[in-house]
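Asker: Show me the folded form of this:
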Amino acid sequence: MSDLAEPRVLARPEHPISRQNISPNALKVLYRLHQRGYKAYLVGGSVRDLMLGREPKDFDVGTDARPPEMRRLFRNSRIIGRRFRLVHVVFQGEVVEVATFRGEPDPAQQGDDDVLITSDNVYGTPRQDAFRRDFTINALFYDIADFSVIDYVGGVEDLERRVVRIIGDPDVRLQEDPVRMMRACEYAGRLGFAIEPATQEAIQRHRQKIELAAPARVTEEVLELLRCGRAGAALQWMLELGLLEVLLPEAYAMIGAGASEASDFSRLLPTIDQAVQEGRRLSDATLLGVLLLPQILQRRDDVEALDQRPMSRAAIRQLVEEMAEPFIRRFALSKNRTTQLLHALVGFQRLLEPQWTPRARVQMAHRPYFDDALDLFGLLVAATGEGQRALEQWRSAAARRGAPQAAEGRRPGARRRRRRPRRRRRAGGGG
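Answerer: Just a heads-up that it's a prediction; the model follows:
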């Protein structure tokens, strides 16, 4: 659709969106903005999901009000962001994100790169904002004034066709923000959509540009992808478009050209998707650990087969650290996240050890990294069907760790030490 064409407007009877399916807090924000004379639209993924009959995970609002004006309207709000200033309206248990409509980025605010957007703090009209968004299916607006859906970019038609299409020139838009390549694969996988051919071709041409994106943003996108409930399908799109080899060579080695179709990694992805669909919350360390675990296990098997003896704990720790180091460096993981990841991977290796007494298992279950290690163990058992008895023993230990430690650790027949009663101080501070 041309950026000069009139938008397609679906009146209330022409679309399936009902206020009953919109968060009450988001409705409060929309109505207050509208009552104060501002445009107030529900925007982005929430409109897409409501149009598809899906339950949105959050609700974002677009408006022509500026952040300081919104800050005065909502006492329970805060202004965030540097690349583009946003307002978070904070309710109990929910945050509604409100953004002023964006315009074209100011070339004077950009960095040395002619295309990559480094600053986006320019305000505009609803039409400009729609064309600044990433994909047509994410650029639909729901107007609280008359309950209509406004489509400037052909998003309604692409929802009907079940296709992910980038807005504008794919070569330009992907270089503006290379993370969009990952999002195209995630949306296609999550929604079961196809990716429009021109968008596919542009991703293949510019896949190396993903290395220009901020590592912290890429890490969050990887985690978002793994939590989408269709990670296997999303990573398959990344594999087919050449993005996986650049971004996640560890995963590519497990499912790429020449890899066994029955590799642990290929079998792990469906178990992650099933866990997400069942509502289980997997930690960042567990999900990042899944990307490294199969290669680490394969390397450990190779070393032990060559040496014809089990590796020591110190050797296993060194192996984990060496194999994780390129991944940690590529994603510039924080010290805290690095520690959690390494502890989860090393802790998982501890759970594989055969000689554990019931008491030692419970002690192990009190370690701070135990839950992450156990989740990795559970995912691998579900994927391979091996180690079920050991998993049950570890889960039993986890269930028992709430018991008083004194009772768990006291030797049979040992006498309980009597504590001397504390001496009460006299009033007035006398000694």
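
Asker: Using the three-state scheme, assign Val90.
Answerer: With DSSP: H, G, I helix; E, B strand; the rest coil as the basis, the three-state label of Val90 is strand.

Asker: so it makes contact with Arg78?
Answerer: Yes - counting by CB atoms under 8 Å, Val90 touches Arg78, with 7.0 Å between them. Yep, even glycine has a C-beta here, placed from its N, CA and C like the rest.

Asker: and the spatially closest residue to Ile296 that is not a sequence neighbour, what helix or strand is that in?
Answerer: Distances taken as CB to CB, 6 or more residues apart in numbering put Met323 closest to Ile296, at 5.3 Å, once the chain neighbours are dropped. Using DSSP states H and E, Met323 sits in helix 313-330.

Asker: Which helix or strand lies directly C-terminal to that helix?
Answerer: Following helix 313-330 in sequence, per DSSP H and E, is helix 335-351.

Asker: For the following helix or strand past that next one, name the packing helices and strands.
Answerer: Toward the C-terminal end, the helix or strand that comes next after helix 335-351 (DSSP H and E) is helix 358-365. The contact analysis (3 or more CB pairs under 8 Å, 6 or more residues apart in numbering; DSSP states H and E) places helix 358-365 against helix 388-400, helix 405-409.

Asker: To Tyr31, which of the ones you listed lies closest?
Answerer: Of all the helices and strands packed on helix 358-365, helix 388-400 sits nearest to Tyr31, with 46.6 Å by CB to CB.

Asker: Using CSV, write out every CA atom in the closest one.
Answerer: What follows is helix 388-400, C-alpha atoms only, in CSV (Å, rounded to 0.1, in the frame of the first residue of the first chain):
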residue,chain,number,x,y,z
GLN,A,388,13.9,-40.9,33.9
ARG,A,389,14.7,-42.7,37.2
ALA,A,390,17.5,-40.3,38.0
LEU,A,391,15.2,-37.4,37.2
GLU,A,392,12.5,-38.7,39.6
GLN,A,393,15.1,-39.0,42.3
TRP,A,394,16.2,-35.4,41.8
ARG,A,395,12.7,-34.2,41.8
SER,A,396,12.0,-36.1,45.0
ALA,A,397,15.1,-34.4,46.5
ALA,A,398,13.7,-31.0,45.4
ALA,A,399,10.4,-31.8,47.1
ARG,A,400,12.1,-32.8,50.3
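
Asker: got a pLDDT number for Gly402?
Answerer: Gly402 is assigned 70 on the pLDDT scale.

Asker: oh sorry, the question was meant for Tyr252
Answerer: 88.

Asker: Find me whatever residue is spatially closest to Phe377, sequence neighbours aside.
Answerer: Leu351 (5.1 Å).

Asker: re earlier: verify the stated contact: the residue nearest to Ile296 with Arg300.
Answerer: No - taking contacts as CB under 8 Å, Met323 lies outside contact range of Arg300: 9.5 Å.

Asker: returning to that earlier point: looking at the helices and strands packed on helix 358-365, which is buried most?
Answerer: Of the helices and strands packed on helix 358-365, the one with the most neighbours on average (mean count of other CB atoms under 10 Å) is helix 388-400, at a mean of 15.

Asker: Counting by contacts, list what it packs against.
Answerer: Using 3+ CB pairs under 8 Å, 6+ apart, helix 388-400 sits against helix 358-365, helix 370-384.

Asker: Return the most buried member of these.
Answerer: Of the helices and strands packed on helix 388-400, the one with the most neighbours on average (mean count of other CB under 10 Å) is helix 370-384, at a mean of 21.

Asker: how far out from the middle of the chain is it?
Answerer: The chain centre lies 19 Å from the centre of helix 370-384; the measure is CA atoms, centre = their mean, to the nearest Å.

Asker: What is it packed up against?
Answerer: Helix 370-384 packs on helix 264-277, helix 284-307, helix 335-351, helix 388-400, going by 3+ CB pairs under 8 Å, 6+ apart.

Asker: ok, now which ones touch Met70?
Answerer: Residues near Met70 by CB atoms under 8 Å, 6 or more residues apart in numbering: Leu33, Thr63, Ser77, Val87, Val89, Val98, Thr100.
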